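1. My questions concern the predicted model and sequence given below.
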Amino acid sequence: MSSQGLTSGGRSVTTAPSGVLARTTTALSRNPRARLALLLSAPMFWLVVLYLGSLATMFAASVWQVDSFTGQVQRTFTWDNFHTLLTNSVYRTIALRTVMVALIVTVLSAVIAVPVALLMAKGLRSSRTRALLVIAISMPLWANYLVKGYAWRIMFDERGVLDWALHPLGGHTPGLGLTATTVALLYLWLPYMILPVYAAFERLPNSLIDAAFDLGGRPWFAFRTVILPLVMPGVIAGSIFTFSLTLGDYIMVKIVGRATQLYANVVYDNIGVAGDLPFAAAAAVFPVLVVVGYLVAVRRTGALESL
Amino acid sequence: MRLQGVSKRFADVVAVDDVTLDVHDGEFLTLLGPSGSGKTTVLRIVAGFENPTSGTVEIAGRDVTSDPPYLRDVNTVFQDYALFPHMSVSENVEYGLRVKGVDRGRRAAAAAKALATVELAGLGSRKPSQLSGGQRQRVALARALINEPRVLLLDEPLGALDLKLRRQMQLELKSIQRQFAITFIFVTHDQEEALTMSDRIAIFDAGRIVQLGSPQEIYEQPATSFVADFIGTTNTLTTQTGAAFCLRPERISVSATQPTAQVRMRAGHVTETSYLGATRTVLVQTDDGTKLTVSVPAQASTADITPGARVWCTWEDTAEFIIR
């Protein structure tokens, strides 16, 4: 069939192919598998060699050690790094704190995103207002990360904007620390939650909402039984972003967290200050496991199928 | 059920223009009109999805104009069926009872019974995505009927089905309507469907009801040229005095032999014939330049009625009707 297609295609193909290029072209057009393999080679190289390769290197390095005298990496197998991470209460506390912050950021961003996305997708008659809201929500993504970080520092600082605003009401800023970090991270990752939830609402036909009301469902009942289950895949897609981005962040906490440490700081400090790459690699295994565990749990719910 | 002076404006478009309509209990009323004529908007106003700009909606003698959909004793079968994709067929059908707080056991029994009514017994555990279009349509019907609404609204429910299935569902809908003695308000743009199923038809044009009556009244005495054109095919002829009258294609006889002189007769030439199975359509160009569409039984002998043949068209005086 493909040879028929070729002969009818044009005169140049019907004549015997001459030269390497012409022969390769003919071979590729006749063999869809070879064509696909060639097309995918660049992204596959990226994924397998650069991404999975470096991940494997990290896992390998996590069971090595640094010689305390020479500072050289010794490539001998040891569980010491993991033993320290698991038994030292400092690391356990930081790990627990980080997962808590990631969960709080994820839950709060979902709680904010669902009504906002519902309003954007279903509440507005004017598509102009809708487009403006989408732009407004993605606008923070245009600004520089550090600028946003220092903006939040000014907000939460002892004599900052928040203090000034709350003072007449008899309130005070919670100051720089874990609260400020959580709020700043929530602000940073919120668009990553709103946009997939908005997309999920856009995909939800209005007639389903009408049907829930029509069958006697009051607004809250209809929301709980029809609307929320159907936009859940969007919430879960968003939560993968907010959760893993929070797990990996170490800069915002430096800017607005005062002395607070999150888990990524352990990784960063061991690379930079301590120069203990194997320990940093061992520390970095933890967030990988958490995210993989999270994805497996999400997969169980079936939400990934509708992404 | 009663609509009184209902209008609906969207921005600068008048979708429904001063519609007043009394629907009798237990009748099958069809809202028929081309797309954009306001019939679906009227249905959505009755359901409570849209608020009328002016006018009132009464159900069972009570003004429900400002009631939300969940307080109205009406249910809707949606054009796209609107089945909840994350629920099984049974869960879909039970939804209305779940809202009312009926316990699980009675819900399941009622759902099984409703599914049996629409001939889907045993399919309750499937997901809507595992059903065919016709089956989904039946689930949507069962989901609405289980609530025993006073009025059932159907928004072009058969539009997505193929012709054969549509014919079958038309008959089934009609028998279900008689069996449950529920008022049906049925929206369609298919005039044949409207004629087959309805007790009465309301013809919509540009947001207004232009004629309301039984299928026979509407077909035989169309009130306006719009109705005459929309329902079936109409031939418009002029008398020697210049007055216009109309004829339906099946009320005209065509013959290749000249009949004895009659008043109700036109001579002309056949321009085209087409075979439609049960009938044959003959297009005739009369000597005074009028184009006539004539419908004759297919089995009638038509060997000499071929394009170019000289023919005479005749009709009874009762076949003539005049429109404003």
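-> Nice, I can see it. Residues are numbered from 1 along each chain as shown, chains lettered A, B, ... in the order given.
2. which secondary structure element contains residue 21?
-> As the question left the chain open, I've gone with chain A. helix A:19-30 (DSSP states H and E).
3. hm, I was asking about chain B
-> Assigned by DSSP H and E, residue B:21 belongs to strand B:13-22.
4. and the helix or strand residue B:29 falls within, what's its mean pLDDT?
-> Taking DSSP H and E as the criterion, residue B:29 maps to strand B:28-32. What strand B:28-32 shows for mean pLDDT is 97.
5. what sits against residue A:146?
-> Residue A:146 makes contact with A:251, A:255, according to CB atoms under 8 Å, 6 or more residues apart in numbering or on different chains. C-beta here means a position set from N, CA and C on the backbone, and glycine is covered the same way.
6. 10 Å instead, please
-> Residue A:146 makes contacts with A:251, A:252, A:255, as judged by CB atoms under 10 Å, 6 or more residues apart in numbering or on different chains.
7. now chain B, which segments are flagged as low pLDDT?
-> B:324 (pLDDT under 70).
8. Which parts of chain A are strands?
-> Taking DSSP state E as the criterion, chain A carries its strands at A:65-66, A:73-74.
9. Let me see the mean pLDDT of the first one.
-> Averaged across strand A:65-66, pLDDT comes to 87.
10. Who does it pair with, and is each partner parallel or antiparallel?
-> strand A:73-74 (antiparallel) (DSSP bridges).
11. Name the surrounding residues that touch the partner strand.
-> A:61, A:64, A:65, A:66, A:67, A:275, A:276, A:277, A:278.
12. Likewise for stretch A:123-141?
-> Contacts to stretch A:123-141, defined as CB under 10 Å, 6+ apart, come from residues A:113, A:115-117, A:119-121, A:142, A:148, A:187-188, A:190-192, A:194-195, A:198, A:201-202, B:10-11.
13. Just the ones of those in helices?
-> If you go by DSSP state H, the contacts of stretch A:123-141 have A:113, A:115-117, A:148, A:187-188, A:190-192, A:194-195, A:198, A:201-202 in helices.
14. which residue is nearest the middle of chain B?
-> residue B:194 (2.6 Å; CA atoms, centre = their mean).
15. In contact with it, which residues are there?
-> Here residue B:194 is in contact with B:30-33, B:186-188, B:200-203, B:215, B:218, B:230-231 (CB under 10 Å, 6+ apart).
16. And it, how far from residue A:42?
-> Taking CB to CB, to the nearest Å as the measure, residue B:194 falls 60 Å from residue A:42.
17. List the buried residues for the strand holding residue B:29?
-> B:28, B:29, B:30, B:31, B:32 (16 or more other CB atoms under 10 Å in any protein chain shown).
18. out of the contacts of residue B:194, who's nearest chain A?
-> residue B:187 (13.9 Å; CB to the nearest CB).
19. Against which helices or strands is whichever strand or helix holds the closest one packed?
-> In the assignment (DSSP H and E), residue B:187 maps to strand B:183-188. Helices and strands touching strand B:183-188, by 3 or more CB pairs under 10 Å, 6 or more residues apart in numbering or on different chains; DSSP states H and E, are strand B:28-32, helix B:39-47, strand B:74-77, strand B:151-155, helix B:163-180, helix B:191-197, strand B:200-205.
20. if we go to 8 Å?
-> strand B:28-32, helix B:39-47, strand B:151-155, helix B:163-180, helix B:191-197 (3 or more CB pairs under 8 Å, 6 or more residues apart in numbering or on different chains; DSSP states H and E).
21. closest to residue B:242 out of those?
-> Set against residue B:242 and scored by CB to CB, those come closest in helix B:191-197, at 30.4 Å.
22. Need the CA coordinates for that closest one. PDB is fine.
-> Presented in PDB, the C-alpha positions along helix B:191-197 are these (Å, rounded to 0.1, in the frame of the first residue of the first chain):
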ATOM      1  CA  GLN B 191     -41.600  18.700  12.000                       C
ATOM      2  CA  GLU B 192     -42.200  15.100  11.300                       C
ATOM      3  CA  GLU B 193     -41.400  14.200  14.900                       C
ATOM      4  CA  ALA B 194     -43.700  16.900  16.200                       C
ATOM      5  CA  LEU B 195     -46.600  15.700  14.000                       C
ATOM      6  CA  THR B 196     -46.100  12.000  15.100                       C
ATOM      7  CA  MET B 197     -46.000  12.600  18.800                       C
END
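23. Which part of the stretch 151-300 of chain B gets nearest to chain A, residue-wise?
-> For the stretch 151-300 of chain B, CB to the nearest CB, closest residue to chain A: residue B:153, 8.5 Å.
24. That residue - how many residues pack around it?
-> Neighbourhood size, residue B:153 [other CB atoms under 10 Å in any protein chain shown]: 25.
25. now the one 10 residues further on
-> Using other CB under 10 Å, the number of residues around residue B:163 comes to 8.
26. Get me the contact residues on chain B for chain A.
-> By CB under 8 Å from any CB of the partner chain, the residues of chain B that approach chain A are B:47-49, B:68-70, B:74-76, B:78-80, B:82-86, B:95-96, B:98-100, B:143-144, B:147.
27. Check the gap between residue B:1 and residue B:8 for me.
-> Going from residue B:1 to residue B:8 by CB to CB gives 17 Å.
28. Check residue A:297 too.
-> Distance of residue A:297 to residue B:8, computed by CB to CB: 48 Å.
29. Quick one: name whatever helix or strand follows the one helix or strand residue B:267 maps to.
-> Assigned by DSSP H and E, residue B:267 falls within strand B:265-275. Following strand B:265-275 in sequence order, the next helix or strand is strand B:279-286 (DSSP H and E).
30. Might you enumerate the residues of chain A proximal to chain B?
-> So chain A meets chain B at A:205, A:207-208, A:210-218, A:221-222, A:225-226, A:229-230 (CB under 8 Å from any CB).
31. in chain A, which residue is closest to the centre?
-> In chain A, the centroid-proximal residue (CA atoms, centre = their mean) is residue A:241; its distance is 2.7 Å.
32. For whatever helix or strand residue B:94 lives in, name the packing helices and strands.
-> Per DSSP H and E: residue B:94 is located in helix B:89-100. Helix B:89-100 sits against helix B:104-117, helix B:133-145, with contacts defined as 3+ CB pairs under 8 Å, 6+ apart.
33. Now tabulate those in JSON lines and tack on distance to residue A:52.
-> Below are the helices and strands packed on helix B:89-100 laid out as JSON lines (distance: least, CB to CB, whole Å):
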{"stretch": "helix B:104-117", "distance to residue A:52": "49"}
{"stretch": "helix B:133-145", "distance to residue A:52": "44"}
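34. and the ones you listed, which is most packed in?
-> Mean neighbour count, computed with mean count of other CB atoms under 10 Å in any protein chain shown, is highest for helix B:133-145 among the helices and strands packed on helix B:89-100, reaching a mean of 23.
35. That one to helix B:163-180, inter-axis angle?
-> 20 degrees (axes from the mean of the first three to the mean of the last three CA atoms, to 10 degrees).
36. How is chain B divided into domains?
-> Following automatic domain parsing, one finds the domains of chain B at B:2-228, B:234-319.
37. Let me know which of those is tucked in deepest.
-> domain B:2-228 (a mean of 19).
38. Need the distance between the two termini of that one.
-> Taking CA to CA, to the nearest Å, the first and last residues of domain B:2-228 lie 27 Å apart.
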